[in-house]
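Enquirer: I need the structure of the sequence given here:
(chains A and B)
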Amino acid sequence: MAATGKKIMVTVRKAPHGSIYVQESIEVMFIFATYDMDLSVVFMDDGVLALQTGQDTKQLGTKGFMASLGALVDWEVTKVYVDRQSLKERNIPEGSIQPIGKDDDSGAPIRPKVLDSIEIATMMATQHSIVSF
Amino acid sequence: MTHTGDLLTTGENMKLSVLVLEGPYNHEASDSAYNFIQAALDKGHAIRGIFFYDDGVYNATKLMDPPQDDRHISKRWSELGARGIDMIVCVAAAKRRGITDEVLVPNIRISGLGQLATLIDESDRLVTFGD
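Expert: Predicted structure coming up:
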């Protein structure tokens, strides 16, 4: 087992549904969360489209990833961030993005934390590795 | 360029791992990954391992049979494996695409995503090649 607490970041940069990238990036998050890593996740560029609520893949005939996304906190993937500029460029309101879990006590939805690009860049500079999807 | 923490300063020899997310022949990612690895080895860097994920698992099939004047991508990977580089195909991605032990080229093995975590942990850098 990798057990060194190294800082690993997964970036999600592609639009969902057109390729399997978003779905597989979430699989990677789940697996990495079971290892002793300091895991963080950033949705940026077209990847922020994965955080739009109300997505339904039934008519696409694919399983979709929305349920997995909503279970990230349950899987202890808690450091989840989204790039403010990417949201803004795509006209997605910051307050309406898809929750990644619920607060244990209050039941309130937990959403990815919106950060400025410069804050994300600073985080990136301190990572051991970045896995880019 | 200097980095914080345990990261190395560029110029030193590094231990690298590579993640390949696209299949052969359609996207350039697989060729770029191969060329990058050759260049890194030539410069004296070590390759800890190569992980094939998503359509990247198609890189490992011995069933491919390209025209003779074209590169044989899985054979190339197999030759890298013969040099002792750990070559891993993701089991879940492989099962979806019919990539089994029976169709693998020599020197590549099937294993889980946890192996990617281990590769990252044991390398100075992970370099991802995708679309």
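Enquirer: so which bits of chain A are right by chain B?
Expert: By Cβ under 8 Å from any Cβ of the partner chain, the residues of chain A that approach chain B are A:1-2, A:4, A:6-8, A:14, A:19-21, A:24, A:27-28, A:31-32, A:34-35, A:37, A:125-126, A:128-133. Just so you know, the C-beta spots here come from the backbone N, C-alpha and C atoms, and that holds for glycine as well.
Enquirer: again, only using 10 Å
Expert: A:1-8, A:11, A:13-14, A:19-21, A:23-25, A:27-28, A:30-37, A:39, A:125-133 (Cβ under 10 Å from any Cβ of the partner chain).
Enquirer: of these, buried ones?
Expert: Burial by neighbour count, judged by 16 or more other Cβ atoms under 10 Å in any protein chain shown, picks out A:2, A:6-8, A:11, A:13-14, A:19-21, A:23-25, A:27-28, A:30-33, A:35, A:37, A:39, A:127-133 from the residues of chain A next to chain B.
Enquirer: okay, and which of those map to strands?
Expert: Using DSSP state E, the subset of those located in strands is A:7-8, A:11, A:39, A:129-132.
Enquirer: how many neighbours does residue 57 have?
Expert: Using chain A here. 14 (other Cβ atoms under 10 Å in any protein chain shown).
Enquirer: switch to chain B, please.
Expert: 27.
Enquirer: same question, A:Q52
Expert: 15.
Enquirer: just A:I118 next, same as before
Expert: For A:I118, the neighbour count with other Cβ under 10 Å is 9.
Enquirer: B:I110 now?
Expert: Neighbours of B:I110 (other Cβ under 10 Å): 20.
Enquirer: which ones are touching it?
Expert: Counting by Cβ atoms under 10 Å, 6 or more residues apart in numbering or on different chains, B:I110 touches B:52, B:57, B:60, B:88-95, B:99-101, B:104.
Enquirer: do that again at 6 Å, thanks
Expert: B:89, B:91, B:94 (Cβ atoms under 6 Å, 6 or more residues apart in numbering or on different chains).
Enquirer: ok, which stretches of chain B are helices?
Expert: B:29-42, B:73-82, B:91-96, B:114-121 (DSSP state H).
Enquirer: sorry, wrong one. I was asking about chain A.
Expert: For chain A, helices defined by DSSP H occupy the ranges A:21-33, A:66-69, A:84-89, A:117-125.
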